[in-house]
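Quick one: sequence plus predicted model below, questions after.
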Amino acid sequence: MKSRFHLSLSVMCLLVLGAIGRPMAAQQAPQPAQPPSSGITTGSTNSQGIRRVIGLPYSADEVTVTTQMLADGTKITHKHLVKVYRDSEGRERWEWFKPGVESVGQGNSPQSVRILDPMAGVSYALIPRDRTAQKREIRRPTPPPLPQTTGASANLTPARPVPPRPTREDLGTQVIEGLEARGERITRTIAAGAEDNDQPIQITQEIWTSAKPRLMLLHVTNDPRYGETVTRLTNLVLDEPPAELFQVPADYTLEELQPVAKPESPSD
């Protein structure tokens, strides 16, 4: 009788401890990490997860000049112009002109145009010369799954050398296109041997950004492999662009591109 009593008592104690332990374990379980806040208060997201920036309309010319100096002293210069627009609804438009054009005159027309409407979840690619346009749905890309590796295969993979971290330097402020911009210099070093180079390669970037609206007004990159690239915004207008800029003209031939369905794998 005593052994049966002791056995029953032990079972009851185990049940009670188990009932107590389960809620404690549930309370101590790690919670999923929350994504960090972007700090942008003028944004919203549509049903496809596409981010838009609202309330900051502007138009400007984005001029990029790349200068490369050859060993014999020959200098090669490439110039590109892109007109950019953004309205208060977050729609954007880019107009690309032929190389060499620095400013838009009456005889200049863009070679291609792209319109992005994040709230409608569509983008348009326009060819003014042919009066044609292509419409495409846009969605937030799905990250690829992590590769499945075993311990044995992971051990066979050689470890890649970790590149040195870039250094950052505050350059203070200056006025660009009538806006106060803060500058930062980022210096990155490619170690000797990383790209078959016998000496380290140092690459610097200077980025000048305004706070309101948040725009990159000037970007200077110095890379010994490719030369100097300077991209700046000019002719900046902080005003609402015409609404028709974000619409396909009525006389354009519109083609709707459908997403390609993934073929099903054949059954065994």
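Done, it's in.

Buried residues in stretch 168-179, which are they?
Using 16 or more other CB atoms under 10 Å as the test for burial, stretch 168-179 gives 176-177, 179. All C-beta atoms are positioned from the backbone trio N, CA, C, and that covers glycine.

wait, which of those residues is closest to Ser59?
Nearest to Ser59, judged by CB to CB, of the buried residues of stretch 168-179 is Glu177 at 11.9 Å.

I'd say the closest one and Leu236 touch.
Yes. Between Glu177 and Leu236 there is a contact at 4.3 Å, judged by CB atoms under 8 Å.

Now do the shared contacts for the two.
60, 217 (CB atoms under 8 Å, 6 or more residues apart in numbering).

since we're on Leu233, how many residues are nearby?
By other CB atoms under 10 Å, the residues close to Leu233 number 22.

check contacts around it.
60-62, 84, 176-177, 215-218.

so what strands line up beside the helix or strand where it lies?
Per DSSP states H and E: Leu233 is located in strand 227-237. In the sheet, strand 227-237 lines up against strand 58-69 (antiparallel), strand 216-223 (antiparallel) (DSSP bridges).

about what we covered before: quick one: which of the buried residues of stretch 168-179 sit in helices?
Residues of the buried residues of stretch 168-179 located in helices (DSSP state H): none.

would JSON lines of these with distance to Leu254 be doable?
Shown next, in JSON lines, are the buried residues of stretch 168-179 (distance: CB to CB, whole Å):
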{"residue": "Ile176", "distance to Leu254": "39"}
{"residue": "Glu177", "distance to Leu254": "36"}
{"residue": "Leu179", "distance to Leu254": "37"}
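
So which of these are in strands?
Counting by DSSP state E, the buried residues of stretch 168-179 place 176, 179 in strands.

need the buried residues of stretch 168-179 in CSV with pLDDT, can you?
Formatted as CSV, the buried residues of stretch 168-179 follow (pLDDT from 0 to 100):
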residue, pLDDT
Ile176, 96
Glu177, 94
Leu179, 95
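
Pro110: neighbour count?
Neighbours of Pro110 using other CB under 10 Å come to 20.

Identify all residues paired with the closest residue to it other than its chain neighbours through a beta bridge.
Among residues not flanking Pro110 along the chain, Glu95 sits closest, at 3.8 Å (CB to CB, 6 or more residues apart in numbering). Beta-bridge pairing for Glu95 (DSSP bridges): Lys83, Val113.
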